[in-house]
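1. sequence and predicted structure, then a few things I'm wondering about:
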Amino acid sequence: MASSTSSPKGKPIEARSQRSQWSDRSFTWLTRILAFGVAAVLVFIGVQVAIDAMPAIRRYGLEFLVTSSWNPVDDAYGALPMIYGTLVSSLIALVLAVPIGVGTALFLSEDFLPRPVRTVLSFMVEMLAAIPSVVYGIWGIFVLIPFLDPIGGWLHQNLGWIPLFGTTYRGPGMLPAALVLTVMILPIITAIARDSLISLPPALRQAALGMGATRWTAIFRVLIPAAFSGIVGGTMLALGRAMGETMAVTMLIGNSNDLNVSILAPANTVASLLANQFAEAGDLQIAALMYAGLVLFGLTLVVNILAEMIVQRVNVYK
Amino acid sequence: MEHTAQHTDVPALKNTETAIATEQLNVYYGDFLALRGVNMAIPERKVTALIGPSGCGKSTLIRCFNRLNDLIDSFHLDGRVTYYGQDLYQDVDAVQVRRRIGMVFQQPNPFPKSIYDNIAFGARATGLKTDLDALVERSLKRSALWEEVKDKLKTNGLSLSGGQQQRLCIARAISTQPDVVLMDEPCSSLDPISTLKIESLIRELAEEYTIIIVTHNMQQAARMADYTAFFNAEATEDGKRSGYLVEFAPTQKIFDQPAQEATRNYVNGQFG
Amino acid sequence: MTATDYRSRADRARRAIAEQTSGPSYFDLFWTGVAGFFTLLALIPLVLVLVYVVIRGFSRLNWAAFTQLPPPPLAPDQGGFANALIGTLIMVGIGALVSVPFGVLAAIYLSEFSQGQVPRWIRFATNVLSGVPSILMGVFIYGLFVITTGTYSAVAGGFALGVLMLPIIVRTTDESLQIVPKQVRWAAIGMGASKFQTVLRVVLPAALPAIATGLTLAVARAAGETAPLLFTALFSQYWLDSLFQPTASLSVLVYNFATVPYEGQQRLAWAAALILVGIVLLTSILARWATRKQIY
């Protein structure tokens, strides 16, 4: 058996076959090019949209951002109401989703419930993110908007002196859109807050509890502060998602290009403006829409970059 | 405390051929000198054990022999590592080196494939035209695993016990018929019975292969090695540990009448 | 955060606790109640959406729904979404065909062949890309493809979905590859396998179950997407007979028919929504079940 050795001892090590060397080199290069390609797609999206927006950028300049008209007949375009709508709908959604999301994350990361139950509930919260946007849209039209009718009416009647509720509730508008956005970003906040709570060193929790801290004192004074940057990172990611969310918002916000501070009135966002007008737009209108898209790209890019930086910093501790 | 080449001659080597040798080998990770001034001539078809405290560079050294350190970006070396006189770092393809110099690792690491495919992997990868069934049987018999697994060659290698997995890894390593088998603490994660099985297996394999084994277990070295090299580490200014070879001699001599004080202290357990 | 940070926080907690009186804590009960209530609040929409989609959608699901073309506005309960179902399958297929090889190979570079800062930056860009609003993927492909070819098409829609899937595929593949222990790579390399062989014969097969799960989720997600298709594939009332013509999809059908005042079309929209939810939910549950029996 010993004689079956294929390489006699001491025989010089010969060169590797050309084919093997070539497959190694070309495979490595192929993967490298494609990896850089993924990053390039991000840049490419920005550049392509910017190029197509050029006619509108030249014509309207920065005034585009602060003008409130959208008139294809006169070629008068300004995206202020949509930018306002994008920011306000996202902010309302955040204000509602952050406490609910963090509360849910706490409830599902502590041992209030037996583990199997928590696993199922966590999975259900994740499922909120899996439901397609357009399904939230159809549900919003036929279920949420009618359901909000009495609530909207009550708000206007009793709190109508506050500009936020200054108009009558007519169905589609900022309020239903922001509520559906809340539901849609909830799982993002919950998931990341839960991850950062779970990844805290157990010693931290034990230290607090071991000294006789009640559970919620430990949560408020120790756990939440320690997981804070993770929660902020998740919130930023959710903000980026909310700003770019299209279908559900388009179907519920009423698509009015007038700026109105009342959340009971119809409004618009950049994303839903694109969804509504793109397919039927003329040349300059397309450029104006591309310009609006570029603004949205810039906004979400900044938010996502910040979010990623925060989340990455958090991951270092894991 | 200057330790250099003068303690590393092995008189007994004169009647056997040298498989792997190092000359003034310095190993760096970036700026950090992990191992310095190693001169060794490792005889063929013997078991050579590398012992020493942790951080002494014995694992680093063994990974120079099959160029596994190449995977680490900051790694570089000066001096020479030769395989039957051929410099392993001059105009030699690392992949080809590893086909001659096989390795068994600290943690048993079978591929998540069937036992059969684990063994056949090397032949398939190197394009060896051979009867795979016979190769699998021969390799498993050689590593004393055949009787235990011959009826379940299609089951996943990961389903075996730790000791069986390690013997599977040894079978896999010798399936490509290398000249040299490197073993990096192959028993450190195993129970005593599995360890004994593997030790006797290694003794048998030495009839056919040159075996270089890193171990932190001195008894293990004493039990099975023909030659033993003792490495030591000293702290550098920046708090890291830099290793060097203290003494390389027949195992008997290392344990009974070491030339160096440090060796004596270590083998008598009066060390760190 | 360093260990000292944690320690100082623990100290603060110790002081905070000392201030508190012991006894049955209404404080704790209250906040547990709040957190539980919030969890309930988070789950209500899921239940409501599912209940409505199932009730409204199921009643309209019949053989015709799967085999016929969309109905004209005033026809009550006729027709179906057969062309949209086919369109969705074809466009998701095109998207996967483009993005799966692209993404998997890119992830192989990140996980297997790169060191230092480069992979960090590419991973960062990938994550940022996955945050780009999906409607902008549509805008991008419109500018790149629809304008150049002069027509809305299934290919354009497929590409838009591909761009959408790409970062998800890169990330899940990258993560799946990294779960494979280093020792397994060493074993292959130590036997004289080339890089190519190590990745293709050992690392990739070992990570395959996890990668497949990730790919399935990405595909399911793409199947439910509407925004990237609105002005790349547009919509069509007719059967598809070329990949270079406007193409219907289930998601755009839901959008179009939910926003018209014709009850027949609205009901079909609910049925299509049920199919979409079914696809996504089933794949998610299956993926969850599949990840239970991973190799590593």
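-> On my side now, so go ahead. Worth saying up front: this structure is predicted, and the values here are computed from it rather than measured. Numbers count the residues shown, from 1 in each chain, chains lettered A, B, ... in the order given.
2. does the helix or strand containing residue C:164 reach chain A?
-> Under the criterion of DSSP states H and E, residue C:164 resides in helix C:154-179. Yes: using C-beta under 8 Å from any C-beta of the partner chain, helix C:154-179 comes into contact with chain A via C:163, C:166-167, C:170. C-beta here means a position set from N, CA and C on the backbone, and glycine is covered the same way.
3. reformat these as CSV; add distance to residue A:170 and pLDDT.
-> Output for those, formatted as CSV (distance: C-beta to C-beta, whole Å; pLDDT from 0 to 100):
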residue, distance to residue A:170, pLDDT
C:163, 37, 97
C:166, 41, 97
C:167, 39, 96
C:170, 44, 97
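4. looking at the residues you listed, which has the most residues close by?
-> residue C:170 (33 neighbours; other C-beta atoms under 10 Å in any protein chain shown).
5. that one: what's it in contact with?
-> A:38, C:103, C:106-107, C:110, C:126 (C-beta atoms under 8 Å, 6 or more residues apart in numbering or on different chains).
6. how about a cut-off of 6 Å?
-> Contact partners of residue C:170, counting by C-beta atoms under 6 Å, 6 or more residues apart in numbering or on different chains, are A:38, C:103, C:106-107, C:126.
7. and residue C:198, by the same measure?
-> Contact analysis of residue C:198 by C-beta under 6 Å, 6+ apart lists C:185, C:188-189.
8. in helices, which of these fall?
-> If you go by DSSP state H, the contacts of residue C:198 have C:185, C:188-189 in helices.
9. show me which of the residues you listed is closest to residue C:284.
-> Nearest to residue C:284 among the ones in helices among the contacts of residue C:198 is residue C:185, at 31.0 Å by C-beta to C-beta.
10. and the residue nearest the centre of chain C?
-> Most central in chain C under C-alpha atoms, centre = their mean is residue C:221, positioned 2.8 Å from the mean C-alpha point.
11. so how far is residue C:253 from that residue?
-> 18 Å (C-beta to C-beta, to the nearest Å).
12. helices along the stretch 1-150 of chain A, start to end?
-> With DSSP state H, counting those that start in this stretch, the ranges of helices along the stretch 1-150 of chain A come out as A:18-60, A:80-109, A:115-130, A:133-139, A:145-159.
13. what is the first one packed up against?
-> Taking 3 or more C-beta pairs under 6 Å, 6 or more residues apart in numbering or on different chains; DSSP states H and E as the contact definition, the neighbouring helices and strands of helix A:18-60 are helix A:283-316, helix C:82-108, helix C:117-131, helix C:134-141, helix C:195-197.
14. hey, which of the ones you listed is tucked in deepest?
-> Burial of these is given as mean neighbour count (mean count of other C-beta atoms under 10 Å in any protein chain shown); helix C:134-141 ranks first at a mean of 28.
15. could you list the low-pLDDT ranges of chain C?
-> C:1-24, C:292-296 (pLDDT under 70).
16. taking the stretch 201-318 of chain A, what residue is nearest to chain C?
-> The minimum distance from the stretch 201-318 of chain A to chain C, using C-beta to the nearest C-beta, falls at residue A:244 (2.4 Å).
17. residue contacts, residue 194?
-> Just going to use chain A. A:105, A:108-109.
18. let me rephrase: I mean chain C.
-> A:20, A:24, B:95.
19. what's near enough to touch residue C:277?
-> Residues near residue C:277 by C-beta under 6 Å, 6+ apart: A:135, C:53.
20. looking at the stretch 101-250 of chain C, what residue ends up closest to chain A?
-> residue C:133 (2.4 Å).
21. which residue is the nearest non-sequential neighbour of that residue?
-> With sequence-adjacent residues excluded and distances taken as C-beta to C-beta, 6 or more residues apart in numbering or on different chains, residue C:133 is closest to residue A:244, at 2.4 Å.
22. list the contacts of the one you found.
-> Neighbours of residue A:244 in contact, by C-beta under 6 Å, 6+ apart: A:271, A:300, C:133.
23. show me the shaky parts of the stretch 51-200 of chain B.
-> For the stretch 51-200 of chain B (pLDDT under 70), the answer is none.
24. for the residues of helix C:154-179 next to chain A, which one is nearest chain B?
-> Nearest to chain B among the residues of helix C:154-179 next to chain A, counting by C-beta to the nearest C-beta, is residue C:170 at 22.5 Å.
25. quick check: the residue of chain C nearest chain B.
-> residue C:192 (3.4 Å).
26. which SS class is that residue?
-> Of the three states, residue C:192 takes coil under DSSP: H, G, I helix; E, B strand; the rest coil.
27. likewise residue C:238?
-> Reducing the assignment at residue C:238 to three states with three-state DSSP gives coil.
28. that one: neighbour count?
-> Number of residues near residue C:238 (other C-beta under 10 Å) recorded here: 12.
29. still on that earlier bit, what subset of the ones in helices among the contacts of residue C:198 is also close to chain A?
-> Here nothing survives when the ones in helices among the contacts of residue C:198 are matched to chain A using C-beta under 6 Å from any C-beta of the partner chain.
30. and stretch A:95-110, what's its mean pLDDT?
-> For stretch A:95-110, mean pLDDT rounds to 95.
31. any residue of that stretch touching chain C?
-> Yes: using C-beta under 6 Å from any C-beta, stretch A:95-110 reaches chain C at A:100, A:103-104, A:106-107.
32. re the thing from before, ok, so of the contacts of residue A:244, who is nearest residue B:246?
-> Residue B:246 lies nearest to residue A:300 out of the contacts of residue A:244, by C-beta to C-beta, at 62.0 Å.
33. please name the residues that touch that closest one.
-> A:240, A:243-244, C:133.
34. hmm, 8 Å instead?
-> Residue A:300 sits in contact with A:240, A:243-244, C:131-133, C:136, where contact means C-beta under 8 Å, 6+ apart.
35. ok, residue A:172 next?
-> Contacts of residue A:172 (C-beta under 8 Å, 6+ apart): A:141, A:145, A:252-255, A:266.
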